[in-house]
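Enquirer: Attaching a predicted model along with its sequence, questions to come.
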Number of protein chains: 2
Amino acid sequence: MKSDIPVICLQRLPIYLNYLKSLEGGETYISSGAIARALNMGEVLVRKDLAYTSATGRTRVGYNRDELVAALEDYLGCNNKKKAVIVGAGGLGQALLSYGGFINYGIEIAAAFDNDPSKIGKEIAGKPVFDVNNAQNGIRETGAELAVICVPAYHAQEVVDMLVNCGVNAILNFAPVLLKVPENVNVRNIDVAANLAILASSV
Amino acid sequence: MKSDIPVICLQRLPIYLNYLKSLEGGETYISSGAIARALNMGEVLVRKDLAYTSATGRTRVGYNRDELVAALEDYLGCNNKKKAVIVGAGGLGQALLSYGGFINYGIEIAAAFDNDPSKIGKEIAGKPVFDVNNAQNGIRETGAELAVICVPAYHAQEVVDMLVNCGVNAILNFAPVLLKVPENVNVRNIDVAANLAILASSV
């Protein structure tokens, strides 16, 4: 997957994929116009989104449905599964453990880490919860390459330092704090309050 | 607040604000260089971020600390409080109800709405949970102008239709689905899985 695709485009790709899969056994070809009408979207938008994948549509014929499904699955990494761990099994962490949507992108949540003795050793949504103070072993065992930080802001930097030490270099951070990481580590921040604040400025 | 400030800049502003407030009683003036050093950030970045506010620094003197605090508070909407409701009091909704960071942006979470009889009429993190099927009254009573959608994807469109009917026209959506709204309604989408997928493409 090219990492320069806008999030807004990327999050539409599983929608096309699910729609195309629902048509199994139907016509061999499908046009961008037909997809656009079915999903109530603009045809130009659909064509631009699909152009991120390797699929090519033919004039007046459209896309070969099976090829387009394969191209979307390939682009979304469904055939190249990656494992992620969640650090912090509080409300947000638990919500993410229960969320089924990661598999659309070929991502499997392998485990969670927490420091709460009442959670360690248990399972949440079928995923094991390990002791964050012994995370190094746990992360190595799971083979996770990705991590999601769901701990309070004042714990986030020590967690990210630990993750970097464990060789995790792609981190999604929900803690509202600026994390210091080495240059080769890729961090994306999701600050829910800041997003709401930008909306608030529009009302 | 200008709504065209990048999220990445906006989410640094509360960090400056908290730092400046911690200096209360100290020097009258503070330079962008001193702020940058204290927060381990680049000075150019600090100056660019602060330029979004109405504060103006003076050469070789810096910013008047009190003026800069006021400008940040003003920009962040702390003096113009807005109310928000959360629809869907599952794991994610509960995590947001417990999250204290909204107040940094002058946003107060007034209530939650859910369809689970075991939650309706109770409080979560001190916030009342109302029946989503009677949300129209609840939203009017709270005076909320903002809403956060934390319901499963297949319920999100009916929830957004209801919110629009109630006059809410700024919506933060966590459901991984494209919402159809009238043109005057402002929706921001946070798709956690898509963000993780973009990171996954870097490993």
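Expert: Yes, it's here. Residues are numbered from 1 along each chain as shown, chains lettered A, B, ... in the order given.
Enquirer: Chain A - how does it break down into domains?
Expert: A:7-75, A:82-198 (automatic domain parsing).
Enquirer: so which of those domains gets nearest chain B?
Expert: domain A:82-198 (3.0 Å; CB to the nearest CB). Where you see a C-beta, it was placed from the backbone N, CA and C, and this is true even at glycine.
Enquirer: First-to-last residue distance for the closest one?
Expert: Terminal residues of domain A:82-198 are spaced 33 Å apart (CA to CA, to the nearest Å).
Enquirer: Tell me how far it lies from the chain's centre.
Expert: Put simply, domain A:82-198 sits 12 Å off its chain's centre (CA atoms, centre = their mean, to the nearest Å).
Enquirer: ok, stretch A:177-194 near chain B or not?
Expert: Yes. Interface with chain B: stretch A:177-194 contributes A:177, A:178, A:180, A:186, A:188, A:189, A:190, A:191, A:192, A:193, A:194 (CB under 8 Å from any CB of the partner chain).
Enquirer: Greatest separation within those: which pair is it?
Expert: Within the residues of stretch A:177-194 next to chain B, two members stand farthest from each other by CB to CB: A:186 and A:193, at 22.8 Å.
Enquirer: Between these two, tell me which one has more neighbours.
Expert: residue A:193 (22 against 17; other CB atoms under 10 Å in any protein chain shown).
Enquirer: Let me see the residues that make contact with the helix or strand encompassing that one.
Expert: Applying DSSP states H and E as the criterion places residue A:193 in helix A:192-200. Contacts of helix A:192-200 with the rest of the structure, by CB atoms under 8 Å, 6 or more residues apart in numbering or on different chains, involve A:174, A:176, B:1, B:3, B:5, B:7, B:10-11, B:76-77, B:82, B:84, B:96, B:99, B:101-102, B:104-107, B:145-146, B:148, B:170-172, B:186, B:188, B:190.
Enquirer: from memory residue A:34 sits against residue A:62, does it?
Expert: Yes. Taking CB atoms under 8 Å as the definition, residue A:34 is a contact partner of residue A:62 at 7.0 Å.
Enquirer: Scan chain A for its longest helix.
Expert: If you go by DSSP state H, chain A has its longest helix at helix A:153-165.
Enquirer: Identify each buried residue in that one, please.
Expert: Going by neighbour count (16 or more other CB atoms under 10 Å in any protein chain shown), the buried part of helix A:153-165 is A:153, A:155, A:156, A:157, A:159, A:160, A:162, A:163, A:164.
Enquirer: which among these are in contact with chain B?
Expert: Near chain B, by the rule CB under 8 Å from any CB, you find residue A:153 out of the buried residues of helix A:153-165.
Enquirer: Out of the buried residues of helix A:153-165, the closest to residue B:29 would be?
Expert: Of those, the one sitting nearest to residue B:29 (CB to CB) turns out to be residue A:153, at 28.5 Å.
Enquirer: Can you list phi and psi of residue A:30 for me?
Expert: phi -140, psi 140 (degrees, to the nearest 10).
Enquirer: Quick check: it touching residue A:63?
Expert: Yes. Here residue A:30 reaches residue A:63: they are 5.8 Å apart, a contact under CB under 8 Å.
Enquirer: The two: which is more packed in?
Expert: residue A:63 (24 against 20).
Enquirer: which ones are touching the spatially closest residue to that one that is not a sequence neighbour?
Expert: Closest residue to residue A:63 apart from its sequence neighbours, by CB to CB, 6 or more residues apart in numbering or on different chains: residue A:57 at 4.6 Å. With contact taken as CB under 8 Å, 6+ apart, residue A:57 is in contact with A:31, A:32, A:47, A:50, A:63.
Enquirer: Please enumerate the strands of chain A.
Expert: Taking DSSP state E, the strands of chain A run over residues A:29-30, A:63-64, A:82-87, A:107-114, A:123-124, A:127-131, A:146-149, A:170-173, A:186-189.
Enquirer: looking at those, which is buried most?
Expert: strand A:146-149 (a mean of 27; mean count of other CB atoms under 10 Å in any protein chain shown).
Enquirer: Remind me what that one packs against, helices and strands.
Expert: Strand A:146-149 sits against strand A:82-87, helix A:153-165, strand A:170-173, helix B:192-200, with contacts defined as 3 or more CB pairs under 8 Å, 6 or more residues apart in numbering or on different chains; DSSP states H and E.
Enquirer: can you do 6 Å?
Expert: Contacts defined by 3 or more CB pairs under 6 Å, 6 or more residues apart in numbering or on different chains; DSSP states H and E place strand A:146-149 against strand A:82-87, helix A:153-165, strand A:170-173.
Enquirer: Can you redo those as a markdown table, where the extra columns are distance to residue B:20 and mean pLDDT?
Expert: A markdown table is the format used below for these (distance: least, CB to CB, whole Å; pLDDT from 0 to 100):
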| stretch | distance to residue B:20 | mean pLDDT |
| --- | --- | --- |
| strand A:82-87 | 30 | 94 |
| helix A:153-165 | 18 | 92 |
| strand A:170-173 | 24 | 92 |
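Enquirer: Residue A:126: which of these is closest?
Expert: Comparing the helices and strands packed on strand A:146-149 by CB to CB, strand A:82-87 comes nearest, at 13.1 Å.
Enquirer: Pick out the residue closest to the middle of chain A.
Expert: residue A:102 (5.2 Å; CA atoms, centre = their mean).
Enquirer: residue contacts, that residue?
Expert: Residues in contact with residue A:102 (CB atoms under 6 Å, 6 or more residues apart in numbering or on different chains) are A:109, B:193.
Enquirer: now do residue A:171
Expert: Contact partners of residue A:171, counting by CB under 6 Å, 6+ apart, are A:147, A:187.
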